[in-house]
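K.L.:
sharing a sequence plus its predicted fold:
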Amino acid sequence: MIQLSGARFQQSDRWPSGSIEKKIIQRMMEGAAVYTFQSMDELLFELALRKHIILSAKAMNESDAAFAVFADSRCNPRYWELTSVGGFSLRQGVSPSDAIEDIYLNSSRYAFECATAMVIIYYHAVLKLMGESVFNQFFRNILLYSWHADSDLSIKPYYTDHFLPGDIVYFDNPDFNPQTPQWRGENAVVLENKTYFGHGLGIQTAQQIIRHLNRSRIPEANESAYLANLVVRPSFKQLARLSRLRPAYSVYKYHPVIRQAKNSVSIDQYIFRV
């Protein structure tokens, strides 16, 4: 259900049939979850950013960026410094927007694991929606390493089995083989057509991802990989407030680590494992 300014919102016919926005709205209106918005601008901003997250995930799928464990990570040294643990630290004097764009423009020069891929997708989506000026103002010290992200993204986990297009979910593989720890699970973007993008696997259905993970279990494993009832989302409302600082911006047109989750479950210990 959607609540807009305290009232139930039912104007789903304002979006074309089959559009990404329409599918997000339909999903929001299903089930018991309540999505609240103070204004139409706030709702439209979340729809627009979710759409850009999906488009950025698809663009990464089409890129030549490789999957790699931290020890084998690589990046374009013109924009990033490769840290000792396999992260990418923004070089001094480099435009943050140019550095994020380079991951897509010169993708063959990059290799990273799946959690880092999700954060890159977030940054790219925010850049595409909010523009270079606002992006460069608020994201000046980017460090790409696992789930490290700027506090203005305010990435948080939520316990739910009601996934929306643009969410990031986690496929857990409890019986993973220690010899291939990179397949202990897979972070994936929920797309609009009942598929998911996971870096290293591409765009697949949930069952295809589970089958892939099950091939990387310990011998005689008896517990299947599964889609966890947990999602991660940025703070759409906080980002919408930042977007208003851009002159003439209208949604009608178109490095801290978060460690605590509900019930004291650490992000690093659950959905954000890599």
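P.N.:
Alright, I've got the coordinates. These numbers come from a predicted model, not from an experiment.

K.L.:
can you tell me the SS state at the closest residue to residue 164 other than its chain neighbours?
P.N.:
Spatial nearest neighbour of residue 164, chain neighbours left out: residue 27 (5.2 Å); criterion: Cβ to Cβ, 6 or more residues apart in numbering. Where you see a C-beta, it was placed from the backbone N, CA and C, and this is true even at glycine. Per DSSP: H, G, I helix; E, B strand; the rest coil, the local secondary structure of residue 27 is helix.

K.L.:
just confirm residue 27 contacts residue 165, I think it does.
P.N.:
Yes. With contact defined as Cβ atoms under 8 Å, residue 27 counts as touching residue 165 (6.5 Å).

K.L.:
just give me the neighbour total for the residue nearest to residue 164.
P.N.:
20 (other Cβ atoms under 10 Å).

K.L.:
how near is it to residue 206?
P.N.:
15 Å (Cβ to Cβ, to the nearest Å).

K.L.:
what are the buried residues along stretch 169-187?
P.N.:
169-173, 175-176, 182-187 (16 or more other Cβ atoms under 10 Å).

K.L.:
whoops, I mixed them up, stretch 188-196
P.N.:
188-192, 195-196.

K.L.:
looking at those, which two lie furthest apart in space?
P.N.:
188 and 192 (13.6 Å; Cβ to Cβ).

K.L.:
for stretch 216-232, measure first residue to last.
P.N.:
Distance between the two ends of stretch 216-232: 25 Å, counting by Cα to Cα, to the nearest Å.

K.L.:
mind listing what's buried along that stretch?
P.N.:
216-217, 225-228, 230-232.

K.L.:
state which helix of the chain is the longest.
P.N.:
In the chain, taking DSSP state H as the definition, the longest helix is helix 40-62.

K.L.:
the very next helix or strand once past that one pairs with which strands, and in what direction?
P.N.:
Going down the chain from helix 40-62, the next helix or strand is strand 66-67, by DSSP states H and E. The strands that strand 66-67 pairs with in its sheet are strand 111-112 (parallel) (by DSSP bridges).

K.L.:
pull the distance from the partner strand to the chain's centre.
P.N.:
16 Å (Cα atoms, centre = their mean, to the nearest Å).

K.L.:
just checking, next helix/strand downstream of it?
P.N.:
Taking DSSP H and E, what comes next after strand 111-112 is helix 114-130.

K.L.:
show me what that following helix is packed against.
P.N.:
Other elements packing on helix 114-130 under the criterion 3 or more Cβ pairs under 8 Å, 6 or more residues apart in numbering; DSSP states H and E are helix 40-62, helix 96-105, strand 143-144, strand 185-190, helix 236-243.

K.L.:
which residues sit against the helix or strand following it?
P.N.:
Next in sequence after helix 114-130, counting helices and strands by DSSP H and E, comes helix 132-138. Identification of contacts with helix 132-138 by Cβ atoms under 8 Å, 6 or more residues apart in numbering yields 95-97, 100, 126-127, 150, 152, 242-243, 245-246, 249.

K.L.:
ok, now stretch 83-101?
P.N.:
Counting by Cβ under 8 Å, 6+ apart, 69-73, 75, 78-82, 112, 116, 120, 123-124, 127, 132, 135-136, 139-146, 148 sit against stretch 83-101.

K.L.:
buried subset of the residues you listed?
P.N.:
70, 73, 75, 79-80, 112, 116, 120, 123-124, 127, 132, 135, 139, 142-146, 148.
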